[in-house]
Structure formats: structure tokens, C-alpha cells
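Chemist: model the following, please.
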Amino acid sequence: LISPYFLLFCLFFGIQCSANLWNIVTMRDFLSYLGDDEKDNLYITIFTALTPVSVLASPLIDFVILKFGFVGALHGINLLGAIYTTIKIVSDDLNVQIIGLVAFSLYRGFLFGVSFRFLHKIVFGPVIGRAAGILNMISVATFFLTIPLAHLAFEKNDGNFIIPNVMYLLLNIPCFLAIAGIGFYSKKELQVKEDRDTL
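Modeler: Presented below is the predicted three-dimensional model:
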């Protein structure tokens, strides 16, 4: 539980869980700010319908893991997070936001589908239950980050979500670095094993 793999993974998972919760909690208000109220809340209905559809991403998750490995799949989560957050920032067109909603749905499927499979690769035996508990505790703790961010958007910025959205886009940088670190340690460990086998 103190290996570089797990610590870097906790950093990645905590940030991405916070981003996930931020979007779930504030999506109705964000879409309303863009004018969804005037369209009979059509886009929040689309968002609600798309959220459970992320389960259908399971075959795609398997394909990505087999093709690019866990490091590639974890980078895919970062990429999907950057895509939907960028769309939220650059466009106030509700029709364009549908692309972001689809990306967010895939992101959620990948976040939990890949993360808990990867956990099994880096934590073994009796500590796997503790590791899963730590990840769940991190995901709950990150919920509290949404409170000051929502206050900032509603009270200080008249319902405009630009500052928290830019913050979450920038938080993809440490996530990319954390996964790059996991990739580095994986290659280093593989090299050590290869060197040991040649002796």
C-alpha cells in the first residue's frame, strides 16, 4: 500500500473521482446556465439517459486494455476527461454539449471499469480489500471538494462554471504525470526481472 504504483494511482483516482462527482452534482445547473430550462430540460434528460449507458462501454474497455495495456487505458481516462471538460469550457451550444455528455458517459465507464481491474494488478492477497477501501474513502472525501467549487460558481460567479471547469481541465496534468510515473515504474520493474532472468 506504500508502493509508488499505489500512491500514484491514489493521486490519479482521487482527482478523477472528484471530477466525476463535480459533473454529476452540477450538470443540471451547468446545462441550465446554458439555457436548458428554455428547452424543457431536454439536455439534462439526455445526460440522465446517457449515464447508465456507460455500462455498454465494457467491451471497448476490454479492447483498449488488451491493445494498449493498463497504462494506455488509464491515459484514455485522462484523455476522455480532458475532452469533455474542454467541450464544457469552449462551447455554450447545447447541441455541442451532447458530444461532451457522451464523452463523460464513456469516461465514467472507463474510470471505474479500468481502475478496479488495475487495482488487482498492483495489490495482491489480503491487502486488496484495504486498497479498495482506501480508494472508496478517497472517492467519498473528494465529494467535499465540490462544496467550495459550487459556492464559487453560484455565489461568486453568478452561476458561471468556467473557473471550476478550467481547474478540472488543468488537474488532468497531474493525472497524466501520475500514469506516466506508473508506466515508468512498470518498465523499470520489467527490466529488473529481465536482468534477473539473464543471470
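
Chemist: scan the chain for its longest helix.
Modeler: Using DSSP state H, we find that the single longest helix of the chain is helix 58-90.

Chemist: Asn78: neighbour count?
Modeler: If you count neighbours by other CB atoms under 10 Å, Asn78 ends up with 24. For glycine as for every other residue, the C-beta is placed from the backbone atoms N, C-alpha and C.

Chemist: residues contacting it?
Modeler: Shown in contact with Asn78 (CB atoms under 8 Å, 6 or more residues apart in numbering): 16, 172, 175-176, 179.

Chemist: any idea how far it is from Phe154?
Modeler: Distance, Asn78 to Phe154, using CB to CB, to the nearest Å: 28 Å.

Chemist: flag every buried residue along the longest helix of the chain.
Modeler: Of all the residues in helix 58-90, those buried under the rule 16 or more other CB atoms under 10 Å are 61, 64-65, 70-78, 80-88.

Chemist: in the protein, what secondary structure element scores lowest on mean pLDDT?
Modeler: One helix or strand of the chain scores below all others by mean pLDDT, DSSP states H and E: helix 172-198, with a mean of 76.

Chemist: returning to that earlier point: following the longest helix of the chain, which helix or strand shows up next?
Modeler: helix 94-122 (DSSP states H and E).

Chemist: what angle do that following helix and helix 58-90 make?
Modeler: Inter-element angle recorded for helix 94-122 and helix 58-90: 130 degrees (by axes from the mean of the first three to the mean of the last three CA atoms, to 10 degrees).

Chemist: check which helices and strands helix 94-122 sits against.
Modeler: Applying 3 or more CB pairs under 8 Å, 6 or more residues apart in numbering; DSSP states H and E, we find helix 94-122 packed against helix 4-33, helix 42-50, helix 58-90, helix 128-143.

Chemist: mind putting those in JSON lines, mean pLDDT included?
Modeler: JSON lines is the format used below for the helices and strands packed on helix 94-122 (pLDDT from 0 to 100):
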{"stretch": "helix 4-33", "mean pLDDT": "86"}
{"stretch": "helix 42-50", "mean pLDDT": "87"}
{"stretch": "helix 58-90", "mean pLDDT": "91"}
{"stretch": "helix 128-143", "mean pLDDT": "79"}
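
Chemist: now those as JSON lines including distance to Ile163?
Modeler: Formatted as JSON lines, these follow (distance: least, CB to CB, whole Å):
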{"stretch": "helix 4-33", "distance to Ile163": "12"}
{"stretch": "helix 42-50", "distance to Ile163": "21"}
{"stretch": "helix 58-90", "distance to Ile163": "10"}
{"stretch": "helix 128-143", "distance to Ile163": "18"}
